[in-house]
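1. Here is the input, now give the coordinates:
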Amino acid sequence: MSATQPTVFVPHGAGPCFFMEWHPADAWDKMAAYLRGIGDQLPERPKAILMVSAHWLEKEFRVTSGPRPALIYDYYGFPAHTYELSYPAPGAPALAQQVVELLRNAGLTAAGDDERGFDHGMFIPLKLMFPEADIPVVQLSLRYDMDPETHLQAGRALASLREQGVLIVGSGMSFHNMQGYRDARFGPVSDQFDDWLKQTVESDPAQCWQALSHWERAPMARLCHPPRAEEHLIPLMVVAGAAGEDRGRHVFSDRVLETTLSGYQFG
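-> Next up is the predicted model:
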């Protein structure tokens, strides 16, 4: 028997930020320490990881189904050595098929993709969380429509995987307005949305899901996640749905690039 895993929403930083020089040099240190410590907070080592990355959007849900997905260096303008980073985690074709079936059974269109690789929303945080790269990983796409209720529904469909020892991780950012980073005027903006998000995640699950379904009504929501650019928030919907009746907790926060960035855990 496996211990039931929690679900987590992690900020994955800016490109390969943890593996290069930055100014100021310690900008990402607290986030890196948080990511490195996640494994110690789990009931046991995960049997597998289901990663929901902000950097893969499709018309319908897609799941990596190859046995050895390659890495996709989908960031631009960074030092040459960051395009040589490795994370040779194995895929999990059987788990991928199970994910597809669970989504289909919930009335959601889904299919495996045996050619898709792992994007940096997957391998950058996992290099810190589980650096040995020996835990099988399956990556799940978002849908282009970024409908919050649909992604909550997808999470609910996948909740049973937790009892099999699968760690479900949403990889994104609680604030992601590219025009707002490094702009001190967005500090208070990010704080207001972050306060709402914390209260929402820590509320009763039914209330949490209802509020997340209408997240764009939150204070400063569209300044933190501009229209049609909310893909970095949507992974939170999947992990909240997969949490079932488990309440969420605000487990990390830091001021980076003049904005507040947070992490959450359910269960």
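2. Just confirm residue 181 is within a helix.
-> No. Checked against DSSP: H, G, I helix; E, B strand; the rest coil, residue 181 lies outside a helix; its state is coil.
3. Contact partners for it?
-> By C-beta atoms under 8 Å, 6 or more residues apart in numbering, the contact set of residue 181 is 14, 257-259. The C-beta positions use only the backbone N, C-alpha and C, and glycine is treated the same way.
4. Check what contacts the lengthiest helix in the chain and list those residues.
-> In the chain, with assignment by DSSP state H, the single longest helix is helix 186-201. Residues from elsewhere that reach helix 186-201, judged by C-beta under 8 Å, 6+ apart: 174-175, 177, 180, 207-208, 211-212, 215, 218-221, 223-224, 236, 240, 248-250, 253, 255, 258-262, 264, 266.
5. Which among those count as buried?
-> By neighbour count, with 16 or more other C-beta atoms under 10 Å, the contacts of helix 186-201 hold 174-175, 177, 180, 208, 211-212, 215, 218, 220-221, 223-224, 236, 240, 248, 250, 253, 258-262, 264, 266 as buried.
6. Restricted to helices, list those residues.
-> Going by DSSP H, the helices hold 208, 211-212, 221, 223-224, 236, 240 from those.
7. All the helices of this protein, residue numbers only.
-> Remark: helices assigned in the chain by DSSP H are 29-37, 93-105, 120-129, 148-158, 186-201, 205-213, 221-224, 235-242.
8. Could I get those helices in CSV, plus columns for mean pLDDT and distance to residue 71?
-> Formatted as CSV, the helices of the chain follow (pLDDT from 0 to 100; distance: least, C-beta to C-beta, whole Å):
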stretch, mean pLDDT, distance to residue 71
helix 29-37, 98, 18
helix 93-105, 98, 17
helix 120-129, 98, 6
helix 148-158, 98, 24
helix 186-201, 98, 30
helix 205-213, 98, 31
helix 221-224, 98, 29
helix 235-242, 98, 19
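9. Out of those, which is the most enclosed?
-> Neighbour counts (mean count of other C-beta atoms under 10 Å) averaged over each of the helices of the chain peak at helix 235-242, with a mean of 28.
10. Dump the C-alpha coordinates for that one into CSV.
-> Extracted as CSV, the C-alpha positions of helix 235-242 are listed here (Å, rounded to 0.1, in the frame of the first residue of the first chain):
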residue,chain,number,x,y,z
PRO,A,235,-2.3,24.5,-12.9
LEU,A,236,-3.5,25.5,-9.4
MET,A,237,-7.1,24.6,-10.5
VAL,A,238,-6.0,21.0,-11.4
VAL,A,239,-4.2,20.4,-8.0
ALA,A,240,-7.1,22.0,-6.1
GLY,A,241,-9.5,19.7,-7.8
ALA,A,242,-7.3,16.7,-7.2
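11. starting at the chain centroid, how far to that helix?
-> Distance, stretch centre to chain centre, for helix 235-242: 9 Å (C-alpha atoms, centre = their mean, to the nearest Å).
12. hmm, who's touching that helix?
-> 7-9, 52-54, 140, 142, 148, 151-159, 161-162, 168-172, 174, 201, 205, 208-209, 212, 248, 264, 266.
13. now swap in stretch 208-217 and tell me
-> If you take C-beta under 8 Å, 6+ apart as the criterion, stretch 208-217 is touched by 148-149, 152, 200-203, 218, 221-222, 230, 233, 236-237, 240-241, 247-248.
14. per-residue confidence at residue 1?
-> Here the pLDDT value assigned to residue 1 is 80.
15. Report the separation between it and residue 92.
-> 19 Å (C-beta to C-beta, to the nearest Å).
16. of these two, who's got more company?
-> Remark: of residue 1 and residue 92, residue 92 carries more neighbours, 24 against 6, as counted by other C-beta atoms under 10 Å.
17. Contact partners for that one?
-> By C-beta under 8 Å, 6+ apart, the residues touching residue 92 are 48, 136-138.
18. Could you tell me how far the residue lying closest to it once chain neighbours are set aside is located from residue 5?
-> Leaving aside its sequence neighbours, residue 92 sits nearest to residue 136 (C-beta to C-beta, 6 or more residues apart in numbering; 3.8 Å). Counting by C-beta to C-beta, the gap from residue 136 to residue 5 is 14 Å.
19. Perfect, I'm done here.
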